[in-house]
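**Student:** Requesting a structural model of the entry that follows:
(4 chains)
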4 protein chains.
Amino acid sequence: MPKAKSFVEEIELQGHIIDSLLLPKVLDEILTRGGAYTIKKIDLGKRQVDPSHARIEIKADAQQQLDEILRAVHEHGAVPTSPKDCETEPADMDGAFPERFYSTTNYRTQVRLGKDWIDVDDQEMDCGIVLELPSPPTPLPQGEGRPATARCLAMVHVKKGDAIVVGHQGVRVLPAETAARTSLFEFMSSAVSSEKPKGVTVREIAATMKRARAAGEKILAVLGPAVVHTGSVEHICELIRFGFLDVLFAGNALATHDIEQALFGTSLGVWLDRGLPAEEGHEHHLRAINRIRRLGGIQTAVDQGVLKSGIMFECVQHKIPYVLAGSIRDDGPLPEVVTDTLVAQDVMREKIKGVGFCLMIATMLHSIATGNLLPAAVKVACVDINPATVTKLADRGSHQTVGVVTDAEPFLRALVNELKSPLAA
Amino acid sequence: MPKAKSFVEEIELQGHIIDSLLLPKVLDEILTRGGAYTIKKIDLGKRQVDPSHARIEIKADAQQQLDEILRAVHEHGAVPTSPKDCETEPADMDGAFPERFYSTTNYRTQVRLGKDWIDVDDQEMDCGIVLELPSPPTPLPQGEGRPATARCLAMVHVKKGDAIVVGHQGVRVLPAETAARTSLFEFMSSAVSSEKPKGVTVREIAATMKRARAAGEKILAVLGPAVVHTGSVEHICELIRFGFLDVLFAGNALATHDIEQALFGTSLGVWLDRGLPAEEGHEHHLRAINRIRRLGGIQTAVDQGVLKSGIMFECVQHKIPYVLAGSIRDDGPLPEVVTDTLVAQDVMREKIKGVGFCLMIATMLHSIATGNLLPAAVKVACVDINPATVTKLADRGSHQTVGVVTDAEPFLRALVNELKSPLAA
Amino acid sequence: MPKAKSFVEEIELQGHIIDSLLLPKVLDEILTRGGAYTIKKIDLGKRQVDPSHARIEIKADAQQQLDEILRAVHEHGAVPTSPKDCETEPADMDGAFPERFYSTTNYRTQVRLGKDWIDVDDQEMDCGIVLELPSPPTPLPQGEGRPATARCLAMVHVKKGDAIVVGHQGVRVLPAETAARTSLFEFMSSAVSSEKPKGVTVREIAATMKRARAAGEKILAVLGPAVVHTGSVEHICELIRFGFLDVLFAGNALATHDIEQALFGTSLGVWLDRGLPAEEGHEHHLRAINRIRRLGGIQTAVDQGVLKSGIMFECVQHKIPYVLAGSIRDDGPLPEVVTDTLVAQDVMREKIKGVGFCLMIATMLHSIATGNLLPAAVKVACVDINPATVTKLADRGSHQTVGVVTDAEPFLRALVNELKSPLAA
Amino acid sequence: MPKAKSFVEEIELQGHIIDSLLLPKVLDEILTRGGAYTIKKIDLGKRQVDPSHARIEIKADAQQQLDEILRAVHEHGAVPTSPKDCETEPADMDGAFPERFYSTTNYRTQVRLGKDWIDVDDQEMDCGIVLELPSPPTPLPQGEGRPATARCLAMVHVKKGDAIVVGHQGVRVLPAETAARTSLFEFMSSAVSSEKPKGVTVREIAATMKRARAAGEKILAVLGPAVVHTGSVEHICELIRFGFLDVLFAGNALATHDIEQALFGTSLGVWLDRGLPAEEGHEHHLRAINRIRRLGGIQTAVDQGVLKSGIMFECVQHKIPYVLAGSIRDDGPLPEVVTDTLVAQDVMREKIKGVGFCLMIATMLHSIATGNLLPAAVKVACVDINPATVTKLADRGSHQTVGVVTDAEPFLRALVNELKSPLAA
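**Tutor:** Here you go, the predicted model:
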């Protein structure tokens, strides 16, 4: 019988392990699982920007306990000092992973193949990782100069025979390191409240959008119908015309009410210029959908001069790609709506590529769906008047998510003003 | 040139036109559209239960104005004293109505055909009405002893050639009349607040469910995943076992977390018996989905003894039909999920038949979708801890909707207790 | 034994009794209390602006039942055709009313004295009515040419011997009649939602403020500390400088954080220009209070040049009267805070005189307190990001209350812009 | 000119400095203020329960910078290795501190006097610290065997000449150390959400209340009027009768509606047994207050048999001390209400002594006020249906605060059941 704590493995941790709290979390994981540790070496960065480095020996009473500890610390970026290549197992059926599949986070992840750490492409949470080897395909990667690739794969896209990464061996995640709190994005990520200086928030978001554009990154907007109800259509149109909106995700409702206001001047039957309900206005959205369906679609409606203003009009005019994802509460829907939710997810995955900033406004369904697909490194500003919605999104998100509890219309009005201001660059 | 107000039509109103406010609303509609009225005859019921009757002459300056007024008062149940048959127009294409289509409400509606008023079947808001005549089909109904039918038709199901009702002529709605406020259902419909005596609310809902069951009506539950997160699975299972749940509408998330708790004991990774997060618990829901997908579905998982408890298990055991409607934020999804939203709506339409009571808990998406499909006469209790969700549902709903701002778990616990109590019948 | 329904009284109703729903409500009250009615005469206004008039005979089975019905319909403005003078009873102790005291609403009320109907002064809900007769004081009013007065009296101010109105006889309320829904104020009063066109709302409120000012009425602002936290101090200062704020009600927190930002640049320790927390910033509010206490008060701090900007500074500069009412959560407090809540209510009562418009922003406590004191005729805009707060205030309020679910800072920014615009007059 | 970083001080840190994140926070404070550090010695506990110890040398470029760093790290419990006694300054006026006063937190704090660290009594946030020396009083403490005391002092209670602690020297706070997350109280403190397993939460709170009672600590309840509106009076009465409520803090509204329901059966005019509004029910609360004022108070009302049930009745019967603190929205108020807010705070301070557990339900005003007075070590459960309220309280609170987003009535029903269960001990 082995004596106590005779199962040993050494791990390494690097980065801002003290101030981004990685070291404490790792020690905590070891202790709460009944392990013991010895800190073999610790180099703390002198300044906050300097990375630190630690080597920690973990001891456990049994191999299973040791494995559990290694799995747990793995999520904080700790890897064995003597790592092994990742393991794969061929998928035994379409549409499902092998039982032991490695389940992804939205953080940047690497797998070890033939001693090299390679980046996993298409990083997305709640997926598996599939290895793709160059031809001639071989069941096991050996990395002899051949460029293998790894990428995230949704469960529904698994094909029998795919090489799926299993277990935690040879996989490492690179958690976002918390920089010094000099930026609002850092500070606010953990602080959802309506009681914040709002002018500052708008300025920071505008500055981040300008930086994203300057860096050649795309800006994605995810919009709910309250954008129209609150009278914000013109603000979004300005974002499009000024080049601050490159991709639009929305649902049937946003597009329908946008078209309703273009055709009838109302949103959900309420006159946008007077705030009063129109006679039979509740029918307007349905008549708007019907009219577009009769024409064959939004594009035709613009081409034929029927649709002459609004968000969808500007998207067509400026060739902004949009995804209208279907939901079970849709009326109609508009012809462009992708009614199959799996197809819609795939279209969204495709359009997300190259996105560096995402603005989510007044929609929980589409925002969560988009959040599920975005890698953690993409900066997100999530704006909703309901703190519960903002909290829910911030909870799922990374440190790159700013939650803003505010009202869509005045927020967008201020944001557009800020983006137009030459001084605010 | 015709002299002022020379366009005249007489309308009739009956029912509880004073105390359910129909008469004031009708007069208001006439005046605000520039018309004038003379009350020709008014018989007010002596007691509140007695119906009243009024004949009102409407005068307008132009035919168009008169038509607008007639359309407006039509929604309050006022019909011309000398009505005409409804008009139809053949659909000129698949998937869209003629421009002038009559847009339905969720109130009981009748169309006049060959002097008879016939009920519109499958009453549903935001649809059109299609007439279906017995063979040999004729373009116009003449009602010579042949039983014609009318039913609500979703835009997407229009087929070229369908006889679609257009305009308001020969169509009448029978708005729900407000009875005396002796029942909580009446009183609370307009009053969404968390500050209500909760024991009473639960008792009233339980009594309504018992009455529905006694009347042979089905009880529909629409459930969100918070039902599982808050630890309410066993309460729903009891509803099923005691025969108080006949149909279930939910999404992938409810079913996934229900299965997660059955397989792993967690919901979204939190131990339901301890309220603490499980190690790697955030992967549980994905592993649960994967396992069910590997087996081929929920039914098989029950048959093979893998799934042994929970809401989905009880549904399978008690042959409760369920609809899991897809959404774009789904992981997986489970094999039973209907991923096309239009198909899901049709399946829901089918299952709604015979439903007399609907309990909506902790889901805005599925509740609104269901509310869109339900006729106004179905009693609905909508339970959510977020007042905004409850208000939104109550706003769209009829006088038969009770909004309850409360917490899912304790509400369900108390409801089950009340339903089990022999005295509360 | 009297035969059934032999207790009879005739009542009169006038005003917009159909379209403001008074008649239906009155009939409803009669029937639900077991009475019967005959409509003796009904003159309906031809146009909506014309008043209507009805004479209704009420029959009941017993005097007590008849009295109950009369009390109930009284609240809808129905008065006996042959009215009697109001009754009074002398208060038998200080600080409490006689048991049968008439309990006031916030609607305009009149009492009948010597056949004349005289207005009750200082209209306020949840008070009693005291009659004040000219000297020589006599226990019962006889109205022989002597100008008697009636006014609302808070329970705490009752003095032994005061002539307190008891019962409902000779008292009539003049409920606000609902005008045609051409104004946002009318429409929105019943509709609290964040999903409204916000630009319209702001324009309507600005227009109402301009009308109030033009009419020589005072504008009262009731402000919570989130006004400072969200960075709105400058907007309020502009309202003061432009003459759109005549009285300020707030608490210790609003004044403290306003002074904190003037002295330290932070609010609750967060830099208002950067949105980041200041070092030891959480102490700033306490140090701000301490500094003002050391100087003796806000006025001195301004005089000595210590306090040089902010809301309180502008109030002092522009001689705007303010009431800082104490609450049990106060730190300090500032010397100007009225710590006794009964004294604070009395000061607020005094300052309310002449107010024609009230803007309540981001404070439930002070808004409800103010709402309790305001007569129903004063227009109120209640702005809060929390729909529950807005609903609570709108519920207590009259038809003159607009609830706006939005964010304080952008709302105030837009309001100031609107008020400054010469075109928006 | 001194060379860079020549201002040096050594500090010590002990406790769970890694896993309760003290060390990272301290290093972060040093770096973000431009300092540098050398970790001279670090002893990390082997197991999580073992304390660690670190000696850190701080270097700065200037004395002021060094002082700022020392102040900042001080709040995380770091003290100079060679500490000095605390400094005091005599108050130069009544009712305000000297400018440099030390501002307290709600964490356990010690001051150094004659080389001894003595505990500060009456720990309360946002106060100053006054030293009290035994007679003969001397201006400066010298600690020669004479037992000096230190206690927190509210600004308003400062008397000219009081020895007020100034600066940070010789003061140390003992921040609550985060224990392993095996207890719900730890886990939930940072996680306010309605989507938690509610049964577990109730069980944990019940267990904590039982432990408090077994330890001879008092249980304080802070209750808002929604406790009555939701029909929870009987649950609170049971808490009192079972000995789980030792002190009650509330306002006029809670007591008024409790008495209203005892006298009239309604709360805010709504029948608690039927959920329907009573005729003239809105007057009930005012008539209830008036009746109690006529009798002279609650105690007399119980003595005379007028008040025979409800929370206030049980308090009188079981001699439970209660504080009814006044607010500006009060009607009446009841004679027992303490209308001066400063007096009310002092009475609450007095009653808080000995409290080990505090249950706050459905009141933001009274909960925040109580939270301001409680030391951090007192466990608090804050229950509200509005997440914003819970978040606000949790934000101000210590790690000992559990926020529960749920409905008052069913929560209390379940809590009472749990407390009555013999097995749940």
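
**Student:** element containing the residue of chain A found nearest chain C?
**Tutor:** At 2.8 Å from chain C, A:Pro410 is the closest residue in chain A, using CB to the nearest CB. For the C-beta atoms, the positions are set from N, CA and C on the backbone; glycine is no exception. Under the assignment given by DSSP states H and E, the secondary-structure element containing A:Pro410 is helix A:408-420.

**Student:** tell me which residues of that helix are tucked away?
**Tutor:** Buried positions in helix A:408-420, judged by neighbour count with 16 or more other CB atoms under 10 Å in any protein chain shown: A:408-416, A:418-419.

**Student:** before we move on, what about stretch A:355-366?
**Tutor:** When burial is assessed from 16+ other CB under 10 Å, stretch A:355-366 yields the following buried residues: A:355-366.

**Student:** Now, these that are in helices?
**Tutor:** Here DSSP state H is the test, and those give A:364-366 as lying in helices.

**Student:** Can I get these in TSV including pLDDT and distance to chain D?
**Tutor:** Formatted as TSV, the entries for these read as follows, by pLDDT from 0 to 100; distance: CB to the nearest CB, whole Å:
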residue	pLDDT	distance to chain D
A:Met364	91	13
A:Leu365	94	16
A:His366	96	20
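
**Student:** Would you map the helices across the stretch 1-150 of chain A?
**Tutor:** Here the stretch 1-150 of chain A has its helices, by DSSP state H, counting those that start in this stretch, at A:22-32, A:63-74.

**Student:** out of the ones you listed, nearest to chain B?
**Tutor:** Comparing the helices of the stretch 1-150 of chain A against chain B with CB to the nearest CB, the closest turns out to be helix A:63-74 (6.1 Å).

**Student:** out of the helices of the stretch 1-150 of chain A, deepest packed?
**Tutor:** With neighbours defined by mean count of other CB atoms under 10 Å in any protein chain shown, none of the helices of the stretch 1-150 of chain A is more surrounded on average than helix A:22-32, at a mean of 23.

**Student:** and that helix, how far out from the chain's middle?
**Tutor:** Averaged C-alpha coordinates place helix A:22-32 at 27 Å from its chain's average position (CA atoms, centre = their mean, to the nearest Å).

**Student:** Same question for stretch A:110-124.
**Tutor:** Averaging C-alpha positions (CA atoms, centre = their mean) puts stretch A:110-124 20 Å from its chain's average.

**Student:** can you map out the strands along the stretch 151-300 of chain A?
**Tutor:** Taking DSSP state E, counting those that start in this stretch as the criterion, the stretch 151-300 of chain A contains strands spanning A:163-166, A:171-173, A:218-223, A:247-251, A:266-267, A:270-271.

**Student:** Same list (those strands) but as a markdown table, adding mean neighbour count and mean pLDDT.
**Tutor:** Compiled in a markdown table, those are given as follows (neighbours: other CB atoms under 10 Å in any protein chain shown; pLDDT from 0 to 100):
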| stretch | mean neighbour count | mean pLDDT |
| --- | --- | --- |
| strand A:163-166 | 23 | 96 |
| strand A:171-173 | 22 | 86 |
| strand A:218-223 | 24 | 98 |
| strand A:247-251 | 26 | 98 |
| strand A:266-267 | 27 | 88 |
| strand A:270-271 | 20 | 82 |
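
**Student:** now the ones you listed as a markdown table including distance to B:Ile30?
**Tutor:** Putting those into a markdown table (distance: least, CB to CB, whole Å) gives the following:
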| stretch | distance to B:Ile30 |
| --- | --- |
| strand A:163-166 | 70 |
| strand A:171-173 | 69 |
| strand A:218-223 | 40 |
| strand A:247-251 | 39 |
| strand A:266-267 | 22 |
| strand A:270-271 | 21 |
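
**Student:** closest one to A:Asn106 among those strands?
**Tutor:** Closest approach to A:Asn106 among those (CB to CB): strand A:171-173, 9.7 Å.
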